Every structure is written in C-alpha cells, then in structure tokens.
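>>> I'll drop the sequence and a predicted model, then ask my questions.
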Amino acid sequence: MVRVFAFPQYVCMAKKQRAPAHFIREWRKAQDLTLEQLAERVGMTHGTLSRIERGKTAYTQPVLEALAEALGTDPASLIMRDPSKPGIWDIWDQIPATERDQAIKVLEAFKKSA
C-alpha cells in the first residue's frame with residue numbers, strides 16, 4: 001500500500017508577482033490630479049489606474065507613454081524619479097539645451113575636485 005502525504009512544506013504555492021516599481025501616484029499628486037482626472041486624460045477607468053498605482057496591475061509601455069504625456073514628463077521619469085524629492089534631474093531639466101554642454105563641464109570639474 002502506498003501512502004501519499006501532503007506536507008505543507010512540500011506544497012509549492014505560486015507567489016503573486018508585484019508589478020514593477022514606479023512613481024505614477026507621486027507624479028499624479030504633484031500635478032494635483034485626482035485618479036478620475038488622470039484616468040480620463042488617458043482613456044482608462046480610475047479603478048484600473050488605481051490598480052496600476054498600487055502595483056496590483058502591471059503597466060504596459062503604451063499606458064506608461066500615455067500617462068507620461070498626460071503628466072507632462074517622459075516615461076523614464078515615471079519609473080525613476082520621485083517628483084516630491086527634487087534631485088539633479090530637476091535642475092538639469094531647467095538648464096536650456098544650449099547651455100547643457102557647459103553644465104556638463106562644470107560638473108566634471110566639480111567631480112575632479114571632490
């Protein structure tokens with residue numbers, strides 16, 4: 001007679017994967033928009049946007065691009081930059097394109113002196 005035991009330590013439960021990290025909620029709040037307002041701008045329900053913000057649903061590239069356009073930023077910033085915590089990129093964005101080469105030289109000089 002063969003006995004089959006189901007021990008909990010041998011049971012493999014699939015872990016629910018979280019969606020990739022992002023700063024979509026922070027960008028929305030920085031623009032002083034409600035879920036409903038932003039969702040309407042990009043053509044989705046506020047429930048779907050809420051699930052994306054909470055990491056319950058993964059975003060797609062087209063959704064990320066639409067959100068970035070609606071929030072006045074680029075897709076990479078939605079993933080990498082928290083607008084509530086200013087950093088070097090906030091300063092960089094304010095430097096006119098014609099002066100960025102000079103800004104890079106200043107930063108390189110600063111790096112050498114540090």
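Sure, I can see it.
>>> buried ones in stretch 96-114?
By 16 or more other CB atoms under 10 Å, stretch 96-114 has no buried positions at all. Heads up, the C-betas are built off the backbone N, CA and C, glycines and all.
>>> mind listing the strands for the protein?
Listed in chain order, the chain contains no strands at all (DSSP state E).
>>> quick one, what contacts the residue at minimal distance from the centre of it?
What sits nearest the mean C-alpha location of the chain, by CA atoms, centre = their mean, is His22, with 2.3 Å. His22 makes contacts with 59, 64, 78-79, as judged by CB atoms under 8 Å, 6 or more residues apart in numbering.
>>> and what of Asp74?
So Asp74 contacts Ala68 (CB under 8 Å, 6+ apart).
>>> just checking, what's the longest helix in the chain?
Identified as the longest helix of the chain according to DSSP state H is helix 100-113.
>>> ok, the closest residue in space to Gly72 that isn't next to it in sequence - how many residues close by?
Spatial nearest neighbour of Gly72, chain neighbours left out: Gln31 (7.2 Å); criterion: CB to CB, 6 or more residues apart in numbering. Residues near Gln31, counting by other CB atoms under 10 Å, number 14.
>>> Tell me the confidence at Gln31?
According to the prediction, Gln31 has pLDDT 95.
>>> quick one, what contacts it?
Counting by CB under 8 Å, 6+ apart, Gln31 has contacts 38, 71-72.
>>> ok, Gly55 to Thr98 distance?
Gly55 sits 40 Å away from Thr98, going by CB to CB, to the nearest Å.
>>> Kindly apply the preceding question to Arg51 instead.
Note on Arg51: its distance to Thr98, by CB to CB, is 43 Å.
>>> With Leu71 instead?
Counting by CB to CB, the gap from Leu71 to Thr98 is 26 Å.
>>> Over to Ile79?
28 Å.
>>> Also Leu64?
Counting by CB to CB, the gap from Leu64 to Thr98 is 30 Å.
>>> How about Ser113?
Applying CB to CB to Ser113 and Thr98 gives a distance of 25 Å.
>>> still on that earlier bit, so among the contacts of Gln31, which ones count as buried?
38, 71.
>>> how about the contacts of Gln31 in JSON lines, adding pLDDT and distance to Glu108?
Formatted as JSON lines, those follow (pLDDT from 0 to 100; distance: CB to CB, whole Å):
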{"residue": "Leu38", "pLDDT": "98", "distance to Glu108": "39"}
{"residue": "Leu71", "pLDDT": "97", "distance to Glu108": "32"}
{"residue": "Gly72", "pLDDT": "94", "distance to Glu108": "30"}
